[in-house]
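> Quick one, fold the following:
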Amino acid sequence: MDYRRSLTARGLAEGFYLRAASDPSLPFLSHGSADQFHKTIHWTWHAYTDEKGHQFGKGGDSINNFCISTDRMQDKSCLSCHPGWGEETVAVNCLNCHGQKSINWGESFEDLAAFAGSDDPEEQAIADEIRGNIRAAVQAVVRPERQNCGGCHFKGGGGDGVKHGDLDTSLTKPNKALDVHMGIDGRNFQCTRCHTTTLHNIAGRVYTKPAASDRKSLIEDDLATKITCESCHSSTPHKSESKANDHTDKVACQSCHIPTFARVNPTKVSWDWSKAGKRKDGKPYKTEDAFGKHDYMSIKGQFKWAKNVKPEYFWYNGSISSITAKDPIDPSKVVAVSHPWVPGRTRMRAFFPSRSTMQAAIRQGQQNLARSHAFRTRRVLDDPRLEPGADQGPGSPGDSLLRRIRFR
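Residues are numbered from 1 along each chain as shown. Coordinates of the predicted model:
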């Protein structure tokens, strides 16, 4: 079956093209799958609400040790990775995941609006060219490929390799020495080969429940999930009578087969928000390290980057436990923002090293984290009343910056 036709790409392209050409301000009204997609975590950014009313997910109360919080999606810069239209979260832009051609939609629509109504032949020609680019982009409909997934997941947290040391742009076209499954000189798997979907829900999320609840392989059950190594390789992947097969019930495959990560591009291993707010000659500034990466930004603080990082190992049952902005914390101790949940049967690599040392904003009279983010630091930098000292970081009127707090 032609996948392009299965997504009604012709009607999709023609309808979108005609609407965009006649009124660039109109949102893209997609086909019926949008109803499915609106219920997925990729759209809502909400995982679940617990018995205390704490809403997990980046669109809720969840905290991370990078950007700290999206402040319930009030920080619009985070929406660059939302599958809507820029800061608009009403209509689904299916082409974020299904488009093969890269195009700046906002800029294209803005330029089209500027030139479409002109009587000048040259400006009409520019408008025709923009229409052609839009039409070509909409017609290039594909199954999600690595560059589609990587557009967000390779650059989560604000840049290449920032948030996930095992995911960066080196995986767009890797060789099999870097990734034996996705190597273009090997199997050339796309992400969706293992991260399969049901009604647009994508398998593999581990933050609220295990990605897989059993150890079945496709050899045993052809409807088993494809998300674990065992799915394809079984629980005895080594040669018959190999001693290594005796370890698979306690040692995850990744523990041996991925001894280091960030082998091509460096990854951010430390983010110290407490250093944010400094100026040179009265102005915000940036510096770079030996990798050519920012190791200081006035708006975000101080960073450390590393390559060929050896991971930390944890007993891990497939789920991650995390805190929210509503949870009380002990600022005198290391705060585990996200960590493997309870000891389980498998010793699994935690795909994140110990990360950030931050100065957290603690609300007056409370012991829980304020929803801080870069936009608060902008307020500090822009508002003379919030002049930061050498050790101050992001904050806002009414917040009391109490002490440095270390997070993992």
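
> use CA for all of it now, contacts and neighbours both
Fine.

> CA-only coordinates of stretch 138-157 in PDB, if you can.
Coordinates of each C-alpha in stretch 138-157 appear next as PDB, following Å, rounded to 0.1, in the frame of the first residue of the first chain:
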ATOM      1  CA  VAL A 138       3.000  19.000   2.200                       C
ATOM      2  CA  GLN A 139       3.300  16.400  -0.600                       C
ATOM      3  CA  ALA A 140       6.400  14.900   0.900                       C
ATOM      4  CA  VAL A 141       4.500  12.800   3.400                       C
ATOM      5  CA  VAL A 142       6.400   9.800   4.900                       C
ATOM      6  CA  ARG A 143       6.400   7.500   7.800                       C
ATOM      7  CA  PRO A 144       8.300   9.300  10.700                       C
ATOM      8  CA  GLU A 145      12.000   9.000  10.000                       C
ATOM      9  CA  ARG A 146      15.000   9.700  12.300                       C
ATOM     10  CA  GLN A 147      15.200  13.300  11.400                       C
ATOM     11  CA  ASN A 148      11.500  13.800  12.300                       C
ATOM     12  CA  CYS A 149      11.800  12.200  15.700                       C
ATOM     13  CA  GLY A 150      15.200  13.800  16.300                       C
ATOM     14  CA  GLY A 151      14.000  17.200  15.500                       C
ATOM     15  CA  CYS A 152      12.800  17.200  19.100                       C
ATOM     16  CA  HIS A 153      14.400  14.200  20.800                       C
ATOM     17  CA  PHE A 154      17.900  14.900  19.600                       C
ATOM     18  CA  LYS A 155      17.700  18.500  20.800                       C
ATOM     19  CA  GLY A 156      15.600  18.300  23.900                       C
ATOM     20  CA  GLY A 157      16.500  20.800  26.600                       C
END
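
> Report the distance from that stretch to the chain centre.
12 Å (Cα atoms, centre = their mean, to the nearest Å).

> before we move on, what about stretch 166-183?
The answer for stretch 166-183 is 17 Å, by Cα atoms, centre = their mean.

> buried ones in that stretch?
Residues of stretch 166-183 classed as buried: 166-175, 178-179, 181-183 (neighbour count, 16 or more other Cα atoms under 10 Å).

> So what touches that stretch?
146-147, 150, 153-155, 160-161, 184-190, 261-265, 351 (Cα atoms under 8 Å, 6 or more residues apart in numbering).

> isn't H46 right up against G60?
Yes. If you go by Cα atoms under 8 Å, H46 and G60 touch, sitting 6.1 Å apart.

> R146 versus the residue lying closest to V142 once chain neighbours are set aside, what's the distance?
Leaving aside its chain neighbours, V142 sits nearest to H98 (5.1 Å; criterion: Cα to Cα, 6 or more residues apart in numbering). Per Cα to Cα, to the nearest Å, H98 is found 11 Å from R146.

> cool, S102 as well?
13 Å.

> what does I126 give?
Applying Cα to Cα to I126 and R146 gives a distance of 32 Å.

> could you pull out the helices for this protein?
Ranges of helices within the chain are 3-6, 9-22, 33-37, 41-44, 95-98, 105-115, 121-139, 146-153, 229-233, 253-257, 374-382, based on DSSP state H.

> what is the mean pLDDT for the last one?
So the one you mean is helix 374-382. Helix 374-382 shows a mean pLDDT of 49.

> Ok, the second one next?
Helix 9-22 shows a mean pLDDT of 46.

> Tell me both backbone torsions, phi and psi, for N65.
phi -100, psi 30 (degrees, to the nearest 10).

> Just give the number of residues close to it.
Counted by other Cα atoms under 10 Å, the residues lying close to N65 total 24.

> wait, isn't it in contact with V335?
No. Using Cα under 8 Å, N65 makes no contact with V335, being 9.8 Å away.

> Apart from its chain neighbours, what residue comes closest to S322?
S338 (4.2 Å).

> so what pLDDT did that neighbour get?
77.

> now swap in D71 and tell me
The model's pLDDT for D71 equals 74.

> For Q254, see how far away E230 is.
11 Å.

> quick one, which of the two is more surrounded?
Neighbour totals were compared for E230 and Q254, and E230 leads with 21 against 15 (other Cα under 10 Å).

> Just give the nearest non-adjacent residue to A203, would you?
Nearest one to A203, counting by Cα to Cα, 6+ apart, is H195 at 5.0 Å.

> how close does that neighbour sit to H38?
19 Å.

> Burial check on the nearest residue to N245 once chain neighbours are set aside, number of neighbours?
Using Cα to Cα, 6+ apart and skipping residues adjacent in sequence, the residue nearest N245 is T236, 5.0 Å away. T236 has 16 neighbouring residues, counting by other Cα under 10 Å.

> same check, this time on the one 3 residues further on
K239 has 9 neighbouring residues, counting by other Cα under 10 Å.

> Use 357 as the first number from now on
Fine by me, first position is 357 from now on; the one you just mentioned is K595.

> Look at I482 and R502 and report which has more neighbours.
R502 (20 against 16).

> Give me the phi and psi for the closest residue to F393 other than its chain neighbours.
In space, and not counting its chain neighbours, F393 is closest to H556: 5.8 Å by Cα to Cα, 6+ apart. Dihedral angles of H556 (phi, psi; degrees, to the nearest 10) stand at phi 70, psi 0.

> Give me the pLDDT for H556.
Confidence for H556, expressed as pLDDT, is 91.

> go on, E501?
pLDDT, E501: 94.

> my guess is it contacts N544, does it?
No. Look at E501 against N544 with Cα under 8 Å: they stay out of range, at 10.6 Å.

> so what's in contact with the two at the same time?
Joint contacts of E501 and N544 (Cα under 8 Å, 6+ apart) do not exist.

> how much space between G413 and Y641?
32 Å.

> So between these two, which is more surrounded?
Using other Cα under 10 Å as the criterion, G413 and Y641 rank with G413 on top: 22 against 14.

> For that one, give me its contacts.
When contacts are counted by Cα under 8 Å, 6+ apart, G413 touches W401, H402, A403, Y404.

> which among the residues you listed end up buried?
W401, H402, A403.

> Who are the contact partners of S678?
So S678 contacts S418, I419, Y563, A692, V693, S694, H695 (Cα under 8 Å, 6+ apart).
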